[in-house]
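In: when you get a sec, could you give me coordinates for this:
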Amino acid sequence: MRKNYSRGRLDRADSAVDPVGQFAQWLDAAVQSGIPEPNAMTLATCSPQSRPSTRIVLLKDFGPTGLTWFTNYESRKGAELAANPHAALQFHWVELERVVRIEGTVDIIPAQESDAYYLTRPLQSRIGAWASPQSSQISGRSVLVANAAAYAAKYLLNPPRPPHWGGYRLQPDYWEFWQGRESRLHDRIAYRKLADGKWEKVRLAP
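Out: Alright, predicted model coming up:
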């Protein structure tokens with residue numbers, strides 16, 4: 001299975017000075033194109049035994065300080081990030097023939113930020129954060145249904161944010177933007193963070 005890529009190009013001279021600006025342009029293009037869940041990204045973490053794992057999470061905020069998502073701190077990814085804060089993210093916008101790769105270190109965001117975001121979630125999603133012991137083995141879906149019913153009865157319309165649920169922020173030191181091109185001669189522009197905090201922009205061979 002193979003296709004030829006011909007939708008766009010990415011030149012070093014035309015790309016943004018900093019990676020956040022370039023990412024903002026590409027994310028906006030993905031949103032405007034109407035592709036499903038343009039904020040879906042693969043999160044890669046690694047266990048203390050150097051065993052990698054990946055899963056899809058949803059980007060909820062980004063800026064000069066990093067990229068933010070929300071999840072269960074007691075999940076597998078949470079345990080791996082607690083042991084090893086180095087992680088990687090990847091966006092793959094198939095319809096635009098584009099990939100963005102980001103590497104850096106991850107921190108838990110301040111509690112007040114997680115509280116604020118939690119309150120914006122639909123009620124069922126807020127209850128779901130309580131109901132699911134994420135990554136734990138369960139006997140069946142009935143466990144989740146029973147947990148959801150119990151927490152819904154307990155908290156009614158105002159469930160507080162669970163202490164085991166909140167946000168993470170990856171602070172990048174490396175970004176890479178990939179644009180598919182003809183004959184597998186793809187465009188790759190990378191940004192590397194220097195010791196002074198500035199970004200070095202380079203072109204990579206495909």
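
In: end to end on stretch 57-74, go ahead and measure it.
Out: 15 Å (Cα to Cα, to the nearest Å).

In: who's in contact with S33?
Out: 93, 95-96 (Cβ atoms under 8 Å, 6 or more residues apart in numbering). C-beta here means a position set from N, CA and C on the backbone, and glycine is covered the same way.

In: please report phi then psi for it.
Out: Dihedral angles of S33 (phi, psi; degrees, to the nearest 10) stand at phi -70, psi -20.

In: one more: F62?
Out: Torsion angles, degrees, to the nearest 10, at F62: phi -160, psi 160.

In: same question for L119.
Out: According to degrees, to the nearest 10, L119 has phi -70, psi -20.

In: local confidence estimate at it?
Out: L119 carries a pLDDT value of 98.

In: measure it to Y155 for me?
Out: As judged by Cβ to Cβ, to the nearest Å, L119 and Y155 stand 13 Å apart.

In: as JSON lines, the contacts of S33 with pLDDT and neighbour count would be great.
Out: Shown next, in JSON lines, are the contacts of S33 (pLDDT from 0 to 100; neighbours: other Cβ atoms under 10 Å):
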{"residue": "W93", "pLDDT": "98", "neighbour count": "17"}
{"residue": "E95", "pLDDT": "96", "neighbour count": "12"}
{"residue": "L96", "pLDDT": "97", "neighbour count": "17"}
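
In: who has more neighbours out of L119 and Y155?
Out: Taking other Cβ atoms under 10 Å, L119 and Y155 do not tie; Y155 has more neighbours (14 against 11).

In: no further questions, thank you.
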